[in-house]
Every structure is written in structure tokens, then in C-alpha cells.
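Enquirer: dropping the sequence and predicted coords here.
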Amino acid sequence: MSKKQKHMLDTIRQEAKFTASYTGRETFDERVMQAMQAVDREAFVFVSDKDLAFEDSPLPIGYGQTISQPYMVALMTDLVDVTTEDVVLEIGTGSGYQAAVLSRLVRQVFTIEKIPELAESARQRLKALGYDNVEVRSGSGYHGWKEKAPFDAIIVTAAATHIPQSLVDQLKPGARMVIPIGLPYMHQELMLVTKGKSGTTHTDSVLGVSFVPLVMADDEDSINPYDGSNTG
Ligand code: SAH
């Protein structure tokens, strides 16, 4: 492990401790930390940002979007409690980094990206790096991915104004979803939605976060007005 990588993992461990009173998790699963170590974040950022790849901060990936902060990727991955048999849906592929981390831990990752150019470059990047249990679809993830549902876990990596019912419907009994909820540039909270064995859902707020917005069903056709200066 390089010095920079060790720095990234140490920062995630520290941050996990700082936020334990909110998240209920003092440390993250060792498997999650191993996946964070195994996936080279440098391969998911602009060449000009390689020096910053292992810093615990989001970075631009073009089109006003960002690759999430490593701690946030680790936290969201940890919160959904996946196993090696699981099939997971991600909404907001972006660079493909979160999908790559997940792919190390589960059987299959399905991921949807709204911006066609980002979907295509993530698909190519993941293929070149050998993450062959990830399928990238270009389009809106607001309605989930019906043909591949139900899922053992869903991770939404852009902030929604409410929890989309279609995503809740695509969770298996016992499954979990993490989703940032709130308005762009306003207070947002990472929510953990758990579907009980009987199908009833339970929602907990985990902690305050800052993500780029999820394009919702009613504004699908609007032009993205955001400049990527927020930190999701
Ligand atoms: N998970 C990404 C970070 C993504 S940032 C990574 O690891 O790099 C959030 C992404 O969600 C952006 O790429 C944005 O284009 C995408 N997005 C926003 N609304 C969406 C929607 N309705 N469906 C699918 N993707 C969406």
C-alpha cells in the first residue's frame, strides 16, 4: 500500500470514529476497508487531480458532477451491510468509483447514470480495470431498474427531495437503501431505509451530508443548472 493510500484509509477510520455517535458505527467492516484499499481512486479522477486522489474530499468528474469523498463511499457501503451473494443497485454512476468498491463485496452491481457521456466513460473505465460484475445503464435511475429488481441493497449517490417509492418497491424484504435527502445547496441528510421481512419500511436519519442533486422525475428534461461547486 502506498503512503497516500494509507493516509486515505487512516482518514476514513478517523472520520468513522468522529461520526460514530450519528452513524452508530465506530469502525467500518474490515471487508469494506479492504475494498477501499483495493480500488485505486487515482484511476477514477482527472489526470490533473491525481495528486489529490487519496485526499478525503470529492473531486470534479466533469458535467458539474463529482466523485464522492472516500469516507462517504465507505460509510454508504458499510451502512447497507452487503454479503458476497448480494445484487446491488446504484443510482448515479458518475466516475464508477462507488460501483467498483461495491463490486468487490457483492455478486453483481447494476448502476444507472443520467449523463450519457459519464455512463459511457464509467463503462469503459470499469471494463478496462476488470470490474466485470458491474453493468452500467445510461438513463434516469429515478424509477430504479425494474428488469433487474428486486435488490439486496440500493445506494443513491445524488440528493433527492424525497424517497422515490419505486426504489422502495425494488428492495427485497430485509434489504437496505441509503439515500441523501434534501434540497440542492441546502441541508441534506443521509437516510437509511430498511425494509422489514414483512415488507414494512423503517427510515432513519444518519447524518448531515452534501451531494449533487438527483434529477427527479418531474424535472428530468430540465437543463442541469448546477456548477459542481458543492461537495457530494
Ligand atoms: N457514485 C459516483 C458519484 C456520483 S455524483 C462516483 O463514485 O463517482 C452523482 C451522479 O448522479 C452524477 O453523475 C449525476 O449525473 C447522477 N444523477 C443525477 N440524477 C440522476 C438520475 N435521476 N439518474 C441517474 N443518475 C443521476
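Expert: Right, received. Where do you want to start? Numbering: from 1, shown residues only.
Enquirer: after the longest helix anywhere in the chain, next one along is what?
Expert: Assignment by DSSP state H gives helix 3-18 as the longest helix of the chain. Next in sequence after helix 3-18, counting helices and strands by DSSP states H and E, comes helix 20-23.
Enquirer: report all helices and strands that the next helix or strand after that following helix contacts.
Expert: Note on helix 20-23: by DSSP H and E, the next helix or strand toward the C-terminus is helix 30-38. Packing partners of helix 30-38 (3 or more CB pairs under 8 Å, 6 or more residues apart in numbering; DSSP states H and E): helix 3-18, helix 70-79, helix 97-103. For the C-beta atoms, the positions are set from N, CA and C on the backbone; glycine is no exception.
Enquirer: what parts of this protein come near the ligand?
Expert: Contact residues, the chain versus the ligand (CB under 6 Å from any ligand atom): 65-68, 91-92, 94-95, 97-98, 112-115, 118, 140-142, 157-158, 212, 214-215, 232.
Enquirer: coming back round to it: can I get the helices and strands packed on helix 30-38 in CSV including mean pLDDT and mean neighbour count?
Expert: CSV is the format used below for the helices and strands packed on helix 30-38 (pLDDT from 0 to 100; neighbours: other CB atoms under 10 Å):
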stretch, mean pLDDT, mean neighbour count
helix 3-18, 96, 16
helix 70-79, 98, 24
helix 97-103, 98, 26
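Enquirer: H202 is nearest to which of those?
Expert: Closest approach to H202 among the helices and strands packed on helix 30-38 is made by helix 70-79 (13.4 Å; CB to CB).
Enquirer: could I get the closest one in PDB with only the CA atoms?
Expert: The C-alpha coordinates for helix 70-79 follow below in PDB (Å, rounded to 0.1, in the frame of the first residue of the first chain):
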ATOM      1  CA  PRO A  70     -13.800   8.400   0.200                       C
ATOM      2  CA  TYR A  71     -15.200   8.500   3.700                       C
ATOM      3  CA  MET A  72     -18.800   8.900   2.300                       C
ATOM      4  CA  VAL A  73     -18.300   6.000  -0.100                       C
ATOM      5  CA  ALA A  74     -17.000   3.800   2.800                       C
ATOM      6  CA  LEU A  75     -19.900   4.900   5.000                       C
ATOM      7  CA  MET A  76     -22.600   4.200   2.500                       C
ATOM      8  CA  THR A  77     -21.100   0.900   1.600                       C
ATOM      9  CA  ASP A  78     -20.900  -0.100   5.200                       C
ATOM     10  CA  LEU A  79     -24.400   1.000   6.000                       C
END
